[in-house]
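[1] Sequence and predicted structure, then a few things I'm wondering about:
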Amino acid sequence: MYACTAASLPFLFALADEPATPDRASIVERLVSIGREAVDRDDGGVRIAPDGTISTACTDSAAMMRDRSEAFVTY
């Protein structure tokens, strides 16, 4: 998982929150996919990004998914 994935989540949630978004179902499907992977990988381990730095992308993404979990009920 990359930092850009975590950074894209607020935008994907904004699109999914809007009922008029074209092909909204595919955006919700993408969020579910990202969330599943983030939560599965959020095991407290240290992850290294492709540039050699420590990555918090999984932890950040998992936290956002947990914070926004109630949104999936409305989708």
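    All right, it came through fine. Just so it is clear, the model here is predicted, and its values are computed rather than measured.

[2] For burial, what's the neighbour tally of Gly52?
    7 (other Cβ atoms under 10 Å). Using the backbone N, CA and C atoms, a C-beta is placed for each residue, glycine as well.

[3] Go ahead and confirm Tyr2 touches Ala57.
    Yes: with contacts counted by Cβ atoms under 8 Å, Tyr2 reaches Ala57, the gap being 5.7 Å.

[4] can you give me the end-to-end distance of stretch 49-59?
    Distance across stretch 49-59, first residue to last, is 13 Å (Cα to Cα, to the nearest Å).

[5] just use 47 as the starting number from now, easier for me
    I'll keep to 47 as the first residue from here, and by that count the last item is stretch 95-105.

[6] quick one: average confidence on that stretch?
    Per-residue pLDDT over stretch 95-105 has a mean of 84.

[7] Show me which positions of that stretch end up buried.
    In terms of neighbour count (16 or more other Cβ atoms under 10 Å), stretch 95-105 has its buried residues at 101-105.

[8] Okay, and which of those residues map to helices?
    For the buried residues of stretch 95-105, membership in helices holds for 103-105, with DSSP state H as the criterion.

[9] pLDDT value on Leu58, please?
    Reading off the per-residue confidence, Leu58 sits at a pLDDT of 95.

[10] Sweet, I'm off.
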